[in-house]
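Engineer: fold the following for me, if possible:
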Amino acid sequence: MGLKSAFRQAPAYLRLLIVMRAVAIAAVVAILYCFDGVLAVKLPLGPLAALIALYAALDVATLLRLPAPVTQLEMLGQLLADVAILSAVLYFTGGARNPLALYYLVLVLYSAMALPPRLVWPLAAACLLSYVALQFFHVDLPRPRSDDIDRTLDYVTQLAIYGFIAALIVWFGIKLNALQRAQHEHLRAQAEKDVRERYLIGLAALSAGTAHELCTPLSTISVVVGELRESESPPPDWKESIDMLWSQVQLCRRSLAAMAGAAGVERLGEMRSVPAVELLEELAARLRSLRPDVALNVSIHIDDTLVLRSDHTLPQALMSFLNNAADASPDWVELRAVQDRLKPLKLVIEVRDRGPGIAPELRERLGKALITSKAPGSGHGSGILIAQSAIERFGGSVAISARRSGGTCVRVELPSFRMSEGNQDADARRERIASR
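Structural biologist: Residues are numbered from 1 along each chain as shown. Below you'll find the model as predicted:
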């Protein structure tokens, strides 16, 4: 990769530093030439030439390492090197009286844009300490004997250096404004990307939950139709079998209709406030309706005033955990809900089963990769990953652990808030709490 291509691919703030150093080097060389060649002010050219060469080498080294990423600590180190070289140049050219000391402010301004606040303060302190030290420790410039030449020298020097600093700050401000616009554009594009990802996660949660719900009625339909096909004549209970098929088909239709109705871009992200007790009771009733053979125990010990922010994806995510528990242990599943003792507004939902459990090597990867402990062909292991992503959208978390008595415990923590009856500002308060 060529230097030109690497320079274009480097972060904008690093490109700005490279160009800023090049301009500073050119300006210092021009100023020193005016001092020594035009104004006949003798300077220690040896040390100054070495410092300028060192500064140029630092700038070239930074350019050559592109486009490798630069850490924040490395950026701080590079700017501290700028401060050290500038202080050395000022030491040999009059100290803090040299108007070139204003370049400290440019470095502080740049660091405020390129570094986090915790690193900007050390750099600002280094600039301040260097400026104070140069008030007392420096090499005085030889002054011309004539007062007129002295005044002319001061005027020309200050005019040249102030012009350089003003031009550099203007150029720096233009670049900073461009960087701000680019950052705003990046944030806007990132926000649009987050909206798309939330929609896709919600759609995946709906699809996974609906697919899981359809498994039970489709299995029943498959068994009943198989029995009817194998019998040569209608069995005595054919009417009951037809009624069962009809009820299972209606379940499938309702599940698909619910998914189709909720999968719209507007409705999928539509938030609503739902009483936590009501949502949990609906989940229990839904599982009992879909899987009447599962022994479900419900234990809800929370305040009736607790409210959750929810859309269509949150119930589907919780249903995924209930269905997984029912698959592993149809003879005993527990849905338990309590409030955190230290944080009463944190709702803790646990789904427990007495199944074979999950192997330790698989448990560590749950929620991070597509895994499954089911038989081949019975699932792809994406349900837990999708359900966890859906719950995290609401500021919740999921933890899966083994029970001491056998089986698995899925612990879901969700933020909630209280619904005060008769409060006219309840909706506004919900929005404030949900945005934290």
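Engineer: now what about stretch 285-304, what contacts it?
Structural biologist: By CB atoms under 8 Å, 6 or more residues apart in numbering, the residues outside stretch 285-304 that reach it are 213, 216-217, 251, 275-277, 280-281, 284, 315, 319, 322-323, 326, 330-339, 347, 418. For the C-beta atoms, the positions are set from N, CA and C on the backbone; glycine is no exception.
Engineer: who's in contact with the closest residue to Leu228 other than its chain neighbours?
Structural biologist: Using CB to CB, 6 or more residues apart in numbering and skipping the chain neighbours, the partner closest in space to Leu228 is Ser241 (6.5 Å). Counting by CB under 8 Å, 6+ apart, Ser241 touches Val224, Glu227, Leu228, Pro235.
Engineer: mind giving me the domain ranges of this protein?
Structural biologist: Under the assignment automatic domain parsing, the domains of the chain span 3-142, 271-436.
Engineer: report the buried residues of the helix or strand harbouring Leu280.
Structural biologist: Using DSSP states H and E, Leu280 sits within helix 276-290. Buried positions in helix 276-290, judged by neighbour count with 16 or more other CB atoms under 10 Å: Ala276, Val277, Leu279, Leu280, Leu283, Ala284, Leu287, Leu290.
Engineer: which residues touch the third one?
Structural biologist: Remark: with contacts taken as CB under 8 Å, 6+ apart, Leu279 is in contact with Leu308, Ser310, Leu314, Pro315.
Engineer: what sits against the second one?
Structural biologist: With contacts defined as CB under 8 Å, 6+ apart, the neighbours of Ser310 are Met271, Arg272, Ser273, Val274, Leu279, Phe394.
Engineer: quick one: the residues you listed as TSV, columns for secondary structure and pLDDT too.
Structural biologist: Output for these, formatted as TSV (DSSP: H, G, I helix; E, B strand; the rest coil; pLDDT from 0 to 100):
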residue	secondary structure	pLDDT
Met271	coil	72
Arg272	strand	80
Ser273	strand	86
Val274	strand	88
Leu279	helix	92
Phe394	coil	83
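Engineer: quick check: the farthest pair among those?
Structural biologist: Met271 and Leu279 (13.4 Å; CB to CB).
Engineer: which element is the residue nearest to Leu228 on?
Structural biologist: helix 238-262.
Engineer: what of Ser130?
Structural biologist: With DSSP H and E as criterion, Ser130 is part of helix 117-136.
Engineer: again, but for Ala399
Structural biologist: With DSSP H and E as the test, Ala399 turns up in strand 397-402.
Engineer: tell me which helix or strand comes right after that strand.
Structural biologist: strand 408-415.
Engineer: partner strands of that next one, with direction?
Structural biologist: strand 346-353 (antiparallel), strand 397-402 (antiparallel) (DSSP bridges).
Engineer: can you say which of these is packed in most?
Structural biologist: Of all those, strand 346-353 has the most neighbours on average by mean count of other CB atoms under 10 Å, namely a mean of 21.
Engineer: average pLDDT for that strand?
Structural biologist: Strand 346-353 carries an average pLDDT of 93.
Engineer: same question, stretch 417-424
Structural biologist: On average, stretch 417-424 scores 58.
Engineer: ditto for stretch 310-323
Structural biologist: 83.
Engineer: can I get that stretch in PDB? Just the C-alpha atoms.
Structural biologist: What follows is stretch 310-323, C-alpha atoms only, in PDB (Å, rounded to 0.1, in the frame of the first residue of the first chain):
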ATOM      1  CA  SER A 310     -42.500  -3.900  25.800                       C
ATOM      2  CA  ASP A 311     -43.400  -4.600  22.200                       C
ATOM      3  CA  HIS A 312     -44.200  -7.800  20.400                       C
ATOM      4  CA  THR A 313     -40.700  -9.200  20.700                       C
ATOM      5  CA  LEU A 314     -40.300  -9.300  24.500                       C
ATOM      6  CA  PRO A 315     -43.100 -11.900  25.100                       C
ATOM      7  CA  GLN A 316     -41.800 -13.900  22.200                       C
ATOM      8  CA  ALA A 317     -38.300 -13.900  23.700                       C
ATOM      9  CA  LEU A 318     -39.600 -15.100  27.100                       C
ATOM     10  CA  MET A 319     -41.800 -17.700  25.300                       C
ATOM     11  CA  SER A 320     -38.600 -19.100  23.700                       C
ATOM     12  CA  PHE A 321     -37.200 -19.800  27.100                       C
ATOM     13  CA  LEU A 322     -40.400 -21.400  28.300                       C
ATOM     14  CA  ASN A 323     -40.600 -23.600  25.200                       C
END
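Engineer: what does the model give Ala167 for pLDDT?
Structural biologist: Reading off the model, Ala167 has pLDDT 72.
Engineer: which SS class is it?
Structural biologist: With DSSP: H, G, I helix; E, B strand; the rest coil as the basis, Ala167 sits in helix.
Engineer: next one: it from Leu16, what distance?
Structural biologist: When distance is defined by CB to CB, to the nearest Å, Ala167 is 15 Å away from Leu16.
Engineer: neighbour count winner among the two?
Structural biologist: Neighbours of Ala167 and Leu16, each counted by other CB atoms under 10 Å, are more numerous for Leu16; the result is 20 against 12.
Engineer: pLDDT score assigned to the more buried one?
Structural biologist: Confidence score, pLDDT, at Leu16: 79.
Engineer: please apply the same query to the one 10 residues further on.
Structural biologist: What the model reports for Ala26 is a pLDDT of 87.
Engineer: which other helices and strands contact whichever helix or strand it is part of?
Structural biologist: If you go by DSSP H and E, Ala26 is part of helix 12-33. For helix 12-33, the helices and strands in contact under the criterion 3 or more CB pairs under 8 Å, 6 or more residues apart in numbering; DSSP states H and E are helix 45-64, helix 72-91, helix 103-114, helix 147-230.
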